[in-house]
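1. Okay, sequence plus prediction incoming.
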Amino acid sequence: MSWLTEALKSSLGRKLVMSFTGLFLILFLVGHMLGNTLLFFDDGGQAFNEYARFMTSTPIIQALSLVTYASIIIHAVYSIVITRINRRARPIQYALNKASASSPWYSRNMGILGTIVLIFLVVHFRSFWYEMRFGQLPVVNYDGSGEFKDLYSIVAESFKQWWYVLLYVVAMIGLAFHLSHGFKSAFQTLGLTHKKYTPLIEGVGLWFSIVVPTIFALIPVVMFIKSLG
Ligand code: HEM
């Protein structure tokens with residue numbers, strides 16, 4: 001196994017770990033976003049609560065959840081390790097490059113953008129993930145189809161608060177920029193660069209980085225507006 005440890009410690013190995021975990025998290029985001037669009041339904045939360053129970057009680061999804069948690073932790077830890085190694089290797093050039101770099105500002109500030117997403121995730125996990133698993137949620141019964149934890153009511157309550165909605169919107173702006181660099185850079189690291197396909201990957205990456213965070217941000221905004229009247 002020492003070859004594996006060596007590979008994971010190499011510069012390319014570290015970048016590959018960032019790419020694979022990042023791409024897995026991108027797939028997670030698509031699924032999570034689609035599931036969360038059930039919050040737009042005016043059904044008192046039934047579809048969303050049924051979905052939440054399915055997601056937290058199906059073994060294969062529970063296994064995927066563990067991969068998601070591991071990916072978040074590994075992605076964050078490796079980003080810190082890579083940044084520290086890069087800074088140690090070229091402290092002076094780093095400062096110069098930073099000032100005069102030709103890459104966009106968000107590419108040079110992936111750490112800051114990632115930290116915004118990470119802070120968001122801590123609040124997010126505490127509000128919803130923790131409540132679903134360990135909280136005392138109210139229970140609802142839909143036409144005799146058994147009891148469901150009313151996670152919807154917790155989400156709806158949270159999104160009645162303007163500052164909570166603002167936190168989501170700001171975090172989704174951070175996520176959008178983080179993704180717009182991360183998406184194409186993951187494909188570059190995997191060596192998937194091609195005269196014909198690279199513009200396509202960049203185009204898809206750009207659209208993905210705009211559409212997914214926008215839908216995520218719209219959920220709290222729409223729920224907040226609905227709660228007003
Ligand atoms: C409006 C936007 C969002 C809403 C309403 C929402 C809602 C939820 C809810 C209700 C849960 C708990 C469900 C459960 O216990 O499995 C959850 C879990 C989670 N959310 Fe979100 N979410 C949103 C955006 C995001 C974003 C943007 C990210 C990532 C950047 C994210 C990452 C996660 C993760 C990693 C989990 C744990 C999933 C698991 O346990 O498998 N969420 N979210």
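-> Received, thanks.

2. Up against the ligand, what does the chain have?
-> Neighbours of the ligand within the chain, by Cβ under 6 Å from any ligand atom: 32, 36, 39, 52, 55-56, 65, 68, 117, 124, 128-129, 132, 151, 155, 168, 175, 216, 219-220. For every residue, glycine as well, the C-beta is placed using N, CA and C.

3. As a check, name the ranges of all helices in this structure.
-> Applying DSSP state H to the chain gives helices spanning 2-9, 11-36, 46-57, 59-89, 91-100, 105-108, 110-124, 130-134, 151-158, 162-189, 197-228.

4. mean pLDDT for the ones you listed: which is lowest?
-> Among the helices of the chain, helix 91-100 carries the lowest mean pLDDT, a mean of 54.

5. Grab the most central residue of this protein for me.
-> By Cα atoms, centre = their mean, the mean C-alpha position of the chain lies nearest to Leu29, the distance being 5.7 Å.

6. thought that one was touching Val212?
-> Yes: at 5.7 Å, Leu29 counts as touching Val212 under the criterion of Cβ atoms under 8 Å.

7. Can you give me every residue that contacts the residue nearest to Ala176 when sequence neighbours are not counted?
-> Nearest residue to Ala176, sequence neighbours excluded (Cβ to Cβ, 6 or more residues apart in numbering): Pro213, at 4.1 Å. Pro213 makes contact with Met172, Ile173, Leu175, Ala176, Leu179 under the criterion Cβ atoms under 8 Å, 6 or more residues apart in numbering.

8. In ChimeraX, select just the buried ones from those.
-> To isolate the buried members of those in ChimeraX, using 16 or more other Cβ atoms under 10 Å:
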select :172,175,176,179
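
9. wait, isn't Gly111 in contact with Val81?
-> No: look at Gly111 against Val81 with Cβ under 8 Å: they stay out of range, at 11.7 Å.

10. Common neighbours of those two, please.
-> With contacts defined as Cβ under 8 Å, 6+ apart, no residue is shared by Gly111 and Val81.

11. Quick check: the gap between the residue nearest to Ala176 and Phe224.
-> 17 Å (Cβ to Cβ, to the nearest Å).

12. can you check Glu202 too?
-> Taken as Cβ to Cβ, the span from Glu202 to Phe224 is 34 Å.

13. quick one, which of those two is more surrounded?
-> For Glu202 versus Phe224, neighbours defined as other Cβ atoms under 10 Å are more numerous around Phe224 (19 against 15).

14. Leaving out sequence neighbours, find the closest residue to the more buried one.
-> Using Cβ to Cβ, 6+ apart, the closest residue to Phe224 is Val165 (4.7 Å).
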